[in-house]
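K.L.:
dropping the sequence and predicted coords here.
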Amino acid sequence: MLAELKNEDNEMILKVNGDLDQLSLKKDFWLSIESSEQKQLKDSKSLSVCLEKVERADSAGLAWLINLKRDLNQHNVSVSIHNSPKKLIELAKLSNADGFLE
């Protein structure tokens, strides 16, 4: 998985590419970014997560997204998730966690 955090027109966007699974995930998003990026997120108060280029996702990927949302909410940053793959949406429904995916 490759996650690229960008500031586009004063909007923070996280573009996720590749696999979102137990093999590609090492640690929570908040812990993986620099303190300057954490500050940018806190200042912007929102993050848009684009999953358009996610090729494969499993329950670890779903947990990563849930943790991302939880961690950022603790820092008063709202998170919106866009372009979720159908398989991820199906997995979220099975887990009763589909409320935060589109």
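P.N.:
Arrived safely, thanks for sending.
K.L.:
from here on, just use CA atoms for contacts and neighbour counts.
P.N.:
Noted.
K.L.:
pull out the buried positions in the longest strand belonging to the chain.
P.N.:
Assignment by DSSP state E gives strand 46-57 as the longest strand of the chain. Buried positions in strand 46-57, judged by neighbour count with 16 or more other CA atoms under 10 Å: 46-51, 54, 56-57.
K.L.:
closest one of the residues you listed to residue 22?
P.N.:
When the buried residues of strand 46-57 are compared for distance to residue 22 (CA to CA), residue 57 wins out at 8.7 Å.
K.L.:
for that closest one, list each beta-bridge partner.
P.N.:
residue 20 (DSSP bridges).
K.L.:
hang on, it packs against residue 88?
P.N.:
Yes - the criterion here is CA atoms under 8 Å, and residue 57 meets it with residue 88 at 6.0 Å.
K.L.:
mutual contacts of those two, please.
P.N.:
Common contacts of residue 57 and residue 88 (CA atoms under 8 Å, 6 or more residues apart in numbering): none found.
K.L.:
now the terminal residues of stretch 1-19, how far apart.
P.N.:
With CA to CA, to the nearest Å applied, stretch 1-19 spans 5 Å between its terminal residues.
K.L.:
just to revisit the earlier point, just how off-centre is the longest strand of the chain within its chain?
P.N.:
The chain centroid and the centroid of strand 46-57 are separated by 6 Å, computed with CA atoms, centre = their mean, to the nearest Å.
K.L.:
try stretch 80-96
P.N.:
The answer for stretch 80-96 is 12 Å, by CA atoms, centre = their mean.
K.L.:
circling back: and the buried residues of strand 46-57, which two are furthest apart?
P.N.:
46 and 56 (25.4 Å).
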